[in-house]
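>>> Build me a model from this:
(2 chains)
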Amino acid sequence: AQTVTQSQPEMSVQEAETVTLSCTYDTSESDYYLFWYKQPPSRQMILVIRQEAYKQQNATENRFSVNFQKAAKSFSLKISDSQLGDAAMYFCAYRSASGGSNYKLTFGKGTLLTVNP
Amino acid sequence: EAGVVQSPRYKIIEKKQPVAFWCNPISGHNTLYWYRQNLGQGPELLIRYENEEAVDDSQLPKDRFSAERLKGVDSTLKIQPAELGDSAVYLCASGVRVWDEQFFGPGTRLTVL
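Residues are numbered from 1 along each chain as shown, chains lettered A, B, ... in the order given. Presented below is the predicted three-dimensional model:
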């Protein structure tokens, strides 16, 4: 079974600064997807960024980018120019590409990000 | 475009009572998911529907939990009877197809006293 580990329960960053959230995962598969979700106090999970394992290029969405190291099974999220609205729980998630019940998302325990003004 | 709608947002019940949660997915989304999120944890899948068929319910505690998705649109998740350990946030998500992005609703926070 796949597992996702987020080793930082909490992180803080100053507004306008850059912060990196860590995620490692364990899998024997070669084809899969990785995601970062944001969950603000409203509880609604919002997809921040997605990475296909077969793509070597790191995904980028505006101020959000990832550092995907497939051999190391590492998938970190970098938030540049942090804004107060970025404060939330961030979850790293894994999903197999092989189908069947493997389509489910496996989440880490989350990292609580605080943005200080 | 309206998002995934869930109700109620909050529910407080006594243990051994029944409770039901309702989810209305985004129009046109064939796949529907129910997740349970315990405090301090990430969500865990309970059940996945493709249209009206439950195709993955391996994580659903079938002794007390049940779910249905009549006509392949709205879905209801029921717990009977509720236990203290069922206190959690129950999230519903939907997607066009199983391999597409999942869109989450705001969840229902259940407290069992």
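>>> Can you report how many residues lie near residue 78?
I'll assume chain A. Per other CB atoms under 10 Å in any protein chain shown, the neighbour tally for residue A:78 reads 16. Backbone N, C-alpha and C define where each C-beta goes, glycine included.
>>> You answered for a different chain; I wanted chain B.
Applying other CB under 10 Å, we find 14 residues neighbouring residue B:78.
>>> my read is it is in a helix, agree?
No - counting by DSSP: H, G, I helix; E, B strand; the rest coil, residue B:78 is not found in a helix; it is strand.
>>> Distance of it relative to chain A?
Going from residue B:78 to chain A by CB to the nearest CB, to the nearest Å gives 21 Å.
>>> pretty sure that residue contacts residue B:60?
No - applying CB atoms under 8 Å as the test, residue B:78 and residue B:60 come out as separate, 10.9 Å apart.
>>> Overlap in contacts, those two.
Common contact partners of residue B:78 and residue B:60 (CB atoms under 8 Å, 6 or more residues apart in numbering or on different chains): residue B:67.
>>> What residues does residue 40 make contact with?
No chain specified, so I'll use chain A. For residue A:40, the contact set (CB under 8 Å, 6+ apart) comprises A:46, A:87, A:88, A:89.
>>> looking at chain B here, not the other one
By CB under 8 Å, 6+ apart, residue B:40 lies in contact with A:109, A:110.
>>> that older thread, buried subset of the contacts of residue A:40?
With neighbours counted by 16 or more other CB atoms under 10 Å in any protein chain shown, the contacts of residue A:40 contain buried members at A:87, A:88, A:89.
>>> Could you pull up phi and psi at residue B:71?
Main-chain torsions, residue B:71, degrees, to the nearest 10: phi 60, psi 10.
>>> Run a quick neighbour tally on the closest residue to it other than its chain neighbours.
Nearest residue to residue B:71 in three dimensions, chain neighbours excluded: residue B:52, at 6.5 Å (CB to CB, 6 or more residues apart in numbering or on different chains). For residue B:52, the count of nearby residues is 14 (other CB under 10 Å).
>>> since we're on the residue in chain B that chain A sits nearest to, how many residues are nearby?
Per CB to the nearest CB, residue B:42 is where chain B lies closest to chain A, at 2.8 Å. For residue B:42, the neighbour count with other CB under 10 Å is 22.
>>> same deal with residue B:16?
10.
>>> Next secondary structure after the helix or strand of chain A with the lowest mean pLDDT?
Of all helical and strand segments in chain A, the minimum by mean pLDDT, DSSP states H and E falls on strand A:60-61, at a mean of 92. Downstream of strand A:60-61, the next assigned helix or strand under DSSP states H and E is strand A:64-69.
>>> can you map out the strands along chain B?
B:5-7, B:10-13, B:19-24, B:31-37, B:44-50, B:53-56, B:65-68, B:75-79, B:88-95, B:103-104, B:108-112 (DSSP state E).
>>> Okay, now the sheet partners of the second one, with direction.
Based on DSSP bridges, the pairing partners of strand B:10-13 within the sheet are strand B:108-112 (parallel).
>>> Residue numbers of chain B in contact with chain A?
B:3, B:33, B:40-45, B:48, B:56, B:58, B:89, B:91, B:93, B:98-99, B:101-102, B:104-107, B:109 (CB under 8 Å from any CB of the partner chain).
>>> again, only using 7 Å
Neighbours of chain A within chain B, by CB under 7 Å from any CB of the partner chain: B:40-43, B:45, B:48, B:56, B:58, B:89, B:91, B:98-99, B:101-102, B:104-107.
>>> low pLDDT regions in chain A?
Judged by pLDDT under 70, chain A has its weakly predicted residues at A:99-102.
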